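# Got a sequence here, can you build the structure:
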Amino acid sequence: MSYCFHTCAAMATFSLAALPFVVHAQSSESTRDLSSLDPVVVTAALAPQTANESLSSVTVIDEATLRRQNPTSLTDLFRGQPGVDVSTNGSFGKVSSVYLRGTGSDSAVLLIDGIRLRSATAGGATWQYLDPRMFDRAEIVRGPRGSLYGADAVGGVIQLFTPEGEEEGPQPRFSVGGGSFNTQRLSAGISGREGGTRYSFAGSHFNTNGQPVRRDGEDKGYDSTSALARVSHTFEDGSEVGVLALRARGNNEYDGAENDFVQQVAGVYGELAVTDTLQTRLTLSEARDELDTIDGVNSSVIETRTQTVSWQNNLQWGAHELIVGSEFSEDRVDNTALNYTVDTRDNVAVFTQGLLDFSPLSLQASLRVDDNEAYGSETTGSLALGYELNQQHSVRISYGTAFKAPNFNELYYPDVGFFAGNPELVPESSETVEAGMRGQYARWFWDFAFYQTDIDNLIAGQGMQFNVPTSRIRGVELSSGVEVNDWTLAAALTYTDPENRLTGKRLQNRASQSVRLDVDRELGDWSFGGSWVAQNHRYRDAENEDRLGGYGIVNLRGGWQFAPLWSARVTLENALDQDYVTTRSFDGDDYINAGRAAFLSVHFGQ
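Sure thing, here's the model as predicted:
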């Protein structure tokens, strides 16, 4: 594996170094013709900015990339992206964790169209239950965002966007496909725009017999059905109202147990143009996470709901913008098997941010105060400076603080012998310093970032949780992309050093090195591509004695536009049939990932 990783890294480094020569030889267009290479992002600053203007380390996975790669899970998209590490307890709906910049799996905030989705009991998001076909865009913002999003945004924020319906008139679409492990995939939808009204409705179903979760086990199946409804209307004065509902439900089989799950977000918003320069927006939302577990003898239901009211005001004057807002949220837990000593908590927050443009110098500053009835008041802030060296090159430096709140399990889980909550836990707190540089050209870009995060009171432990006095995470990220003629390439290299400063050991479940290379080519009605992802070893335990080897996997894909609006796509995941493991059970059994798997699908629509 060491040889494979270093070979992958060398090839990706060569690709990064070769990009300027390829582009220089084939493109002399204006540096302002940036297409998708300098996309507009909204997650980094609560306001639309290009990636170059955001003064952040950000990766955007656009609709074209989603359609080309046609992944079976979101984690396939995220694995190996800059600063992103993924571990899974098997394939097809099994528990998945996403780590941003070496922080914990519950230190990354997941948003769906601005609505936060997570389990209030477990803390992290249940990434494995969300169907990639329900979304047409993902933004990955790395680095602390506590001053904008509150608790848990220590490693960063990932936001998924559903289709809005921008095309005039109804645009129907559907797809049908299947493949290895007796897998079936169906989806259908319609979206469009009529005057000032935009709409998008969609549904999907995924079903598979699956594969064993552990070696020599039986196949464990998974099925999921998702539905989406989104409608908005923009009035002549620029005011807007809208509603969103996204729901996924299904069944997941494990060794000795199975569960029924529900993941749901719903929201309604109104946005008013008070003046030409002042906009105000009020959002009411609810997120729901439900798990009904059956182990053959007993059954239990754990349901968490988060209801939120958010008010945001954006004031623009010239090239500058001021954002002021407030937020109230309540977490509620309902458990049929366990009695938590506390089952509700609320949080009140106020925040402000200034986006100042004194070209070529730009400045961003933000401040937020959260008051939570479970753990008290927390204040977070950030400051970022950017400078344009010329039209193509810019540098940035930033400082930010964040905190991670203990979840209900960590605080209040009843003592059942192998796990117990610790009501004495205090929130994690972090400070991050980052420096970066970006090159933005007509048909390609590169971005480099170095950062250090110091975390006090890191929450750790596999039985009763406890606070680790101090941890340090250092990292370097290098990414690049090019679109020239019919080629699309992207490469990313990540080095992370997450260390428990008390013991000098690497934090568990994190790889320290990764590389990802994506290459796609259009040939008339045909398209071909592939992705290569490699990571080095990680440790399952805090003492760094239980080592899991590194791996390298190759995914291949192809497409054929055989008629107007009709296409066929084929993917070959883990084409080299790599046997790899990213985590183990508490009793030492490997959770194995799927070997070589082929999928074919037919699509109609844009």
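
# Strands along the stretch 1-150 of the chain, start to end?
Using DSSP state E, counting those that start in this stretch, the strands of the stretch 1-150 of the chain run over 40-41, 49-50, 57-61, 84-88, 96-100, 108-112, 115-116, 137-142.

# what lines up beside the first one in the sheet?
Read it as strand 40-41. On the basis of DSSP bridges, the sheet neighbours of strand 40-41 come out as strand 49-50 (antiparallel).

# contact partners of the strand it pairs with?
34, 38, 39, 40, 41, 42, 355 (C-beta atoms under 8 Å, 6 or more residues apart in numbering). Using the backbone N, CA and C atoms, a C-beta is placed for each residue, glycine as well.

# what's the burial count for the closest residue to the fourth one other than its chain neighbours?
In other words, residue 40. In this structure, residue 40 finds its nearest non-sequential neighbour in residue 48, 5.0 Å apart by C-beta to C-beta, 6 or more residues apart in numbering. For residue 48, the neighbour count with other C-beta atoms under 10 Å is 11.

# isn't residue 48 right up against residue 42?
Yes: the pair residue 48 and residue 42 passes the contact test of C-beta atoms under 8 Å, sitting 5.2 Å apart.

# ok, the residue nearest to residue 599 when sequence neighbours are not counted to residue 432 distance?
Leaving aside its sequence neighbours, residue 599 sits nearest to residue 179 (C-beta to C-beta, 6+ apart; 3.4 Å). Separation of residue 179 from residue 432 (C-beta to C-beta, to the nearest Å): 42 Å.

# cool, and residue 488?
Distance from residue 488 to residue 432, by C-beta to C-beta: 32 Å.

# next one: residue 69
30 Å.

# More neighbours: the two, which one.
The neighbour comparison of residue 69 against residue 432 (other C-beta under 10 Å) goes to residue 432, with 24 against 20.

# What is the distance between the helix or strand containing the more buried one and the centre of its chain?
According to DSSP states H and E, residue 432 maps onto strand 428-440. Chain-centre distance of strand 428-440: 18 Å, with C-alpha atoms, centre = their mean, to the nearest Å.

# That strand versus strand 57-61: what angle between them?
70 degrees (axes from the mean of the first three to the mean of the last three C-alpha atoms, to 10 degrees).

# how about the helix or strand following strand 428-440 as PDB, C-alpha atoms only?
Next along the chain after strand 428-440, taking DSSP H and E as the criterion, comes strand 444-460. C-alpha atoms of strand 444-460 as PDB (Å, rounded to 0.1, in the frame of the first residue of the first chain):
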ATOM      1  CA  TRP A 444      -7.500  26.400 -14.700                       C
ATOM      2  CA  PHE A 445      -6.800  27.200 -11.100                       C
ATOM      3  CA  TRP A 446      -4.700  26.100  -8.200                       C
ATOM      4  CA  ASP A 447      -5.100  26.600  -4.500                       C
ATOM      5  CA  PHE A 448      -2.700  26.100  -1.600                       C
ATOM      6  CA  ALA A 449      -3.500  26.300   2.100                       C
ATOM      7  CA  PHE A 450      -1.600  25.700   5.400                       C
ATOM      8  CA  TYR A 451      -3.400  25.700   8.700                       C
ATOM      9  CA  GLN A 452      -3.000  24.800  12.400                       C
ATOM     10  CA  THR A 453      -5.900  24.100  14.700                       C
ATOM     11  CA  ASP A 454      -5.500  23.900  18.500                       C
ATOM     12  CA  ILE A 455      -8.400  22.200  20.300                       C
ATOM     13  CA  ASP A 456      -8.900  22.400  24.100                       C
ATOM     14  CA  ASN A 457     -11.100  19.800  25.900                       C
ATOM     15  CA  LEU A 458     -11.500  17.500  22.900                       C
ATOM     16  CA  ILE A 459     -14.300  15.000  23.600                       C
ATOM     17  CA  ALA A 460     -13.000  11.400  23.400                       C
END
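
# And strand 444-460, what does it pack against?
Secondary-structure packing of strand 444-460 (3 or more C-beta pairs under 8 Å, 6 or more residues apart in numbering; DSSP states H and E): helix 2-26, strand 57-61, strand 428-440, strand 466-484.

# which outside residues touch the second one?
If you take C-beta under 8 Å, 6+ apart as the criterion, strand 57-61 is touched by 36, 39, 41, 43-44, 51, 77, 81-83, 137-143, 434, 436, 447, 449, 451, 477, 479, 492.

# Restricted to buried residues, select those residues in ChimeraX.
The following ChimeraX line selects those of these that are buried, judged by 16 or more other C-beta atoms under 10 Å:
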select :39,41,43,44,51,77,81,82,83,137,138,139,140,141,142,143,434,436,447,449,451,477,479,492
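
# quick one: the spatially most central residue of the chain and residue 48, what's the gap?
Residue closest to the average C-alpha location in the chain (C-alpha atoms, centre = their mean): residue 158, at 3.6 Å. Between residue 158 and residue 48 the distance is 18 Å, computed by C-beta to C-beta.

# And for residue 450?
27 Å.

# what does residue 422 give?
For residue 422 relative to residue 48 (C-beta to C-beta), the value is 42 Å.

# Residue 163 too?
Counting by C-beta to C-beta, the gap from residue 163 to residue 48 is 18 Å.

# cool, residue 402 as well?
Residue 402 is 23 Å from residue 48, by C-beta to C-beta.

# Contact partners for the residue lying closest to residue 388 once chain neighbours are set aside?
Distances taken as C-beta to C-beta, 6+ apart put residue 360 closest to residue 388, at 3.9 Å, once the chain neighbours are dropped. Residues near residue 360 by C-beta under 8 Å, 6+ apart: 387, 388, 389.

# Quick check, pLDDT for the residue lying closest to residue 56 once chain neighbours are set aside.
Spatial nearest neighbour of residue 56, chain neighbours left out: residue 44 (4.2 Å); criterion: C-beta to C-beta, 6+ apart. With respect to pLDDT, residue 44 scores 95.
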